[in-house]
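Asker: Pasted the sequence and its predicted model underneath.
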Amino acid sequence: MIRPMTSTTPPPAASADPASDEGRYLALLARDARFDGHFFTGVTSTGIYCRPVCAVRTPRRENCRFFALAAQAEHAGFRPCLRCRPELAPQALVWSVQDASSILVQQAVRLLDAPDLWPTPPAPGEGSATVARLAERLGVSDRHLRRIFEAALGVSPLQYLQTRRLLTAKQLLTDTRMPVTQVALASGFASVRRFNAAFAGHYGLNPTQLRRSRATPATPGAAEGHGTALRLAWRPPFDVAALLAFFERRQFHGVEWVLPQEATLRRTVRLPAASTGLGQETTGWFSARFDVARHQVLLQTSDSLYPVLPLVIRRVRAMLDLDADPAAINAVLHPSFPEGDGLRVPGAFDGFELAVRAVLGQQITVAAARTLGQRLVERLGEPIETPWPELGRLFPTAATLAVADGDTLGQLGIVRQRQAAIVALARAVDSGNLALHAGADVPTTTAALCALPGIGDWTAQYIAMRVLRWPDAFPAGDVALHKALGVQGQKNPARAAAAASEAWRPWRSYAVLRAWAVLAQSLSKQ
């Protein structure tokens, strides 16, 4: 078996241990972006809590209290800093594949973080109903959920959800010109009155006061009529060029447009009514530009996406893997892949679209799969207006592909086996029997995928890796992976690859990307 990389340089030593308060204070002194989102600092002399990267004067050590979550800081009575803006921090995702309680808390947090999965805003006095609905979805009692959630995080599920909604609203108020009423509804509040009361009660000022104090100037280079940009932070290192190259090799003209020289990705989007709670589907476009110096993505969207902007933000973060924790990942993978510390797992804005792409890519090259997908878009995709002539089509809906006949798909060059897989997949998604998003249960979803005709373990694992955002997915039968790991000549290369991957848990999805990069690097030298 080959060693994936040749460098023996160890990863840079962390300047602080985020698990200890003294280490957190050292990270605060250094304004180290690697720890952004891992903790927040409450300053007792001001009543404000900040990110580790805050540019204000560092407070004295005795005035600092440290919290793992923004919800914990707010529960302790601290208000978010208006300068570093805690709502911009990447999420701290802690993964476990053994501790059942930790896994359950992770699932609950992911559901509470995802706007399309937020429980319906309860009326006054119905807070327990919200927790009950969440517990039912997780398959446990609401009492058990509250107990393990509070034991693990120190706040209740409702307190965590309230903080997520308020910080989402704060970002929309600061970075967009959305009316306050629209901000309230988009952030998950049942009414403007309740939103105003919650905002003033937590932050000591009403929404309009915040907007007046934080007027956002137009962003240079913005599309006509879209002068503001939402800022989405990440933790370094981040190999932006590699991520954009991955998307560029697979882009469908009209649907996506990658501009490597401008570090920008643009695409059209469609959000079905089932995922937004609105009466009809929502369509539009977004443009995401990487600001490498500031470790941020500048996100611009069409006005049509404003009512669902929290959901768009969440999906873009997942698509670009902005919440990855390189320190934790590299601690496991660096010995085997020393030059891949900045690689991220490319996600997908739309789970169904990515699943169709995965089916089209079975046992053929990336270029061949792209050709088939391009024909599918041009034949069955719908036109849409955008500021750029390079973007003008939407990927076909599940409803459209669910009724596609063999003649139509066959004329595009799609063989019968993949025709059956695409139609079965589309029908399962269109009927609501199969959900493809980051909050879906991984074992249940992969089993449901494998039960469909023409979909096997490779496709299910690939979807788990890119759509379900499961960091430990591993397509053991992947031929390119066998070549990269040097096991292609063995009697059972899939078993040999799986055995080698045990050392990379729970980050095997990232190991796959690094192995593919190794193979591409070696082929480019031949």
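Answerer: On my side now, so go ahead.

Asker: List the residues that contact L305.
Answerer: V269, L271, T282, G284, W285, F286, V312 (Cβ atoms under 8 Å, 6 or more residues apart in numbering). Where you see a C-beta, it was placed from the backbone N, CA and C, and this is true even at glycine.

Asker: max-length strand in the protein?
Answerer: In the chain, ranked by residue count with DSSP state E as the criterion, the top strand is strand 282-291.

Asker: hang on, the earlier thing: which of the contacts of L305 sits closest to A197?
Answerer: V312 (26.6 Å; Cβ to Cβ).

Asker: hang on, isn't that closest one packed against S302?
Answerer: No. In this structure V312 lies outside contact range of S302 using Cβ atoms under 8 Å: 9.8 Å.

Asker: Please enumerate the shared neighbours of these two.
Answerer: Joint contacts of V312 and S302 (Cβ under 8 Å, 6+ apart) are F286.

Asker: ok, the two, which is more surrounded?
Answerer: Neighbour comparison, V312 and S302: the larger count goes to V312, with 25 against 22 (by other Cβ atoms under 10 Å).

Asker: would you list every one of the helices in the stretch 251-400 of the chain?
Answerer: 273-276, 309-319, 326-333, 351-360, 366-380, 398-402 (DSSP state H, counting those that start in this stretch).

Asker: remind me, longest helix of this protein?
Answerer: helix 157-175 (DSSP state H).

Asker: so how far is that one off the chain centroid?
Answerer: 17 Å (Cα atoms, centre = their mean, to the nearest Å).

Asker: What is the subsequent helix or strand relative to it?
Answerer: Downstream of helix 157-175, the next assigned helix or strand under DSSP states H and E is helix 180-186.

Asker: List of residues touching that following helix?
Answerer: 168-169, 172-173, 176, 178, 191-192, 194-196, 207-208, 211, 306-310.

Asker: Please enumerate the helices of the stretch 1-150 of the chain.
Answerer: With DSSP H, counting those that start in this stretch as the criterion, the stretch 1-150 of the chain has helices spanning 21-30, 70-75, 100-113, 127-138, 142-153.

Asker: To Q162, which of those lies closest?
Answerer: helix 70-75 (7.7 Å).

Asker: Let me know the average pLDDT across that closest one.
Answerer: When pLDDT is averaged along helix 70-75, the result is 95.

Asker: Least reliable of the helices of the stretch 251-400 of the chain by average pLDDT, please.
Answerer: helix 273-276 (a mean of 84).

Asker: hmm, who's touching that one?
Answerer: D116, G279, Q280, E281, T282, P307, V308, L311, G432, H437.

Asker: Which residue comes closest to the third one once chain neighbours are left out?
Answerer: Just to be clear, that refers to Q280. For Q280, ignoring the flanking residues on the chain, the nearest one in space by Cβ to Cβ, 6 or more residues apart in numbering is A273 at 5.5 Å.

Asker: With the last one instead?
Answerer: With sequence-adjacent residues excluded and distances taken as Cβ to Cβ, 6+ apart, H437 is closest to G351, at 5.2 Å.

Asker: That neighbour is in contact with V467, isn't it?
Answerer: Yes. If you go by Cβ under 8 Å, G351 and V467 touch, sitting 4.2 Å apart.

Asker: list the helices and strands the helix or strand bottoming out on mean pLDDT in the chain packs on?
Answerer: Ranking every helix and strand in the chain by mean pLDDT, DSSP states H and E puts helix 127-138 at the bottom, with a mean of 74. Judged by 3 or more Cβ pairs under 8 Å, 6 or more residues apart in numbering; DSSP states H and E, helix 127-138 is in contact with helix 100-113, helix 142-153, helix 157-175.

Asker: follow-up on the earlier one: between helix 309-319 and the longest strand of the chain, find me the angle.
Answerer: 50 degrees (axes from the mean of the first three to the mean of the last three Cα atoms, to 10 degrees).

Asker: what lines up beside strand 282-291 in the sheet?
Answerer: Strands adjacent to strand 282-291 in the sheet, as given by DSSP bridges, are strand 264-271 (antiparallel), strand 296-301 (antiparallel).

Asker: Nearest to I455 among these would be which one?
Answerer: From the strands paired with strand 282-291, taking Cβ to Cβ, the stretch that ends up closest is strand 264-271, at 22.7 Å.

Asker: what angle do the closest one and helix 351-360 make?
Answerer: Using the same axes, to 10 degrees, strand 264-271 lies at 110 degrees relative to helix 351-360.

Asker: Now do strand 264-271: distance to the chain's middle.
Answerer: 14 Å.

Asker: Any chance you could give me it in CSV, C-alpha atoms only?
Answerer: What follows is strand 264-271, C-alpha atoms only, in CSV (Å, rounded to 0.1, in the frame of the first residue of the first chain):
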residue,chain,number,x,y,z
THR,A,264,-16.3,32.7,-7.0
LEU,A,265,-19.0,30.1,-7.5
ARG,A,266,-22.5,31.1,-8.9
ARG,A,267,-25.5,28.9,-9.5
THR,A,268,-29.3,28.8,-9.9
VAL,A,269,-31.3,27.3,-7.1
ARG,A,270,-34.8,25.8,-6.6
LEU,A,271,-36.3,25.2,-3.1
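
Asker: Pull out the buried residues from that strand.
Answerer: For strand 264-271, the neighbour count (16 or more other Cβ atoms under 10 Å) marks T264, L265, R266, R267, T268, V269, R270, L271 as buried.

Asker: Spatially nearest residue to R416 (excluding sequence neighbours)?
Answerer: Going by Cβ to Cβ, 6+ apart, R416 has G406 as its nearest residue, at 7.0 Å.

Asker: That neighbour: how many residues sit nearby?
Answerer: 12.

Asker: Next: D113.
Answerer: 20.

Asker: Please report the distance of it from A76.
Answerer: 21 Å (Cβ to Cβ, to the nearest Å).

Asker: Since that was my last question, I'll sign off now.
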